[in-house]
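Colleague: Sequence and predicted structure are below.
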Amino acid sequence: LLNIQGPDAGQFLRNLIDKLVARQQDILRLIACTEIFLMPATVFMVFGGRMSLLLPFIYYRFLTLRYASRRNPYSRQLFYELRVMMEQLCSRPSCPAFVRNMCHKAIGIISRLAPPIAQ
């Protein structure tokens, strides 16, 4: 539509679209991060009595579908990066042993809950 009106029409919109295209990966990674961190929030809200008990199960299904998506690799990539980051933090000598054990157990549980990916 902007191309029909000419090269000088809607310069503000053209600049906005160019910036969105340039930052698209960062925006999609932010969305994936938000989706991932909403899961613990829903669990805490269930324990706080603010949400239905059914919501974490529905949201878990949504996350597994996003993780298994071939069109959108950002959720899977971000889960991997978060796991590596947690393993690096836990491997530091200054990390207490009980925190290290809790992190490794949490990583194991989350890894078992991840759906298998067909290559």
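Modeller: Good, I have the coordinates. Numbers count the residues shown, from 1 in each chain.
Colleague: Ser69 touches Ser75, doesn't it?
Modeller: Yes - Ser69 lies in contact with Ser75 (C-beta atoms under 8 Å); the separation is 7.1 Å. All C-beta spots, glycine's among them, are computed from the backbone N, C-alpha and C.
Colleague: Among those two, which residue is more densely surrounded?
Modeller: Ser75 (22 against 13; other C-beta atoms under 10 Å).
Colleague: Please name the residues that touch that one.
Modeller: Ala32, Glu35, Ile36, Leu63, Arg66, Tyr67, Ser69 (C-beta atoms under 8 Å, 6 or more residues apart in numbering).
Colleague: Distance check, Pro115 against Val84.
Modeller: To Val84, Pro115 is 20 Å away according to C-beta to C-beta, to the nearest Å.
Colleague: Low-confidence stretches in this structure?
Modeller: 1-9, 118-119 (pLDDT under 70).
Colleague: switch the cut-off to 90
Modeller: Applying pLDDT under 90 to the chain flags the ranges 1-18, 21, 68-73, 110-119.
Colleague: all helices of it, in order?
Modeller: Along the chain, the stretches classed as helices by DSSP state H are 2-5, 11-22, 24-47, 55-68, 74-90, 97-113.
Colleague: For the second one, C-alpha coordinates in CSV please.
Modeller: Yep, that's helix 11-22 we're talking about. Provided in CSV are the C-alpha atoms of helix 11-22 (Å, rounded to 0.1, in the frame of the first residue of the first chain):
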residue,chain,number,x,y,z
GLN,A,11,8.1,7.8,5.7
PHE,A,12,7.3,7.4,9.4
LEU,A,13,5.7,4.0,8.8
ARG,A,14,8.5,2.9,6.5
ASN,A,15,11.0,3.7,9.2
LEU,A,16,9.0,1.9,11.8
ILE,A,17,8.7,-1.2,9.6
ASP,A,18,12.5,-1.1,9.0
LYS,A,19,13.2,-0.9,12.7
LEU,A,20,10.8,-3.8,13.4
VAL,A,21,12.4,-6.0,10.8
ALA,A,22,15.9,-5.2,12.1
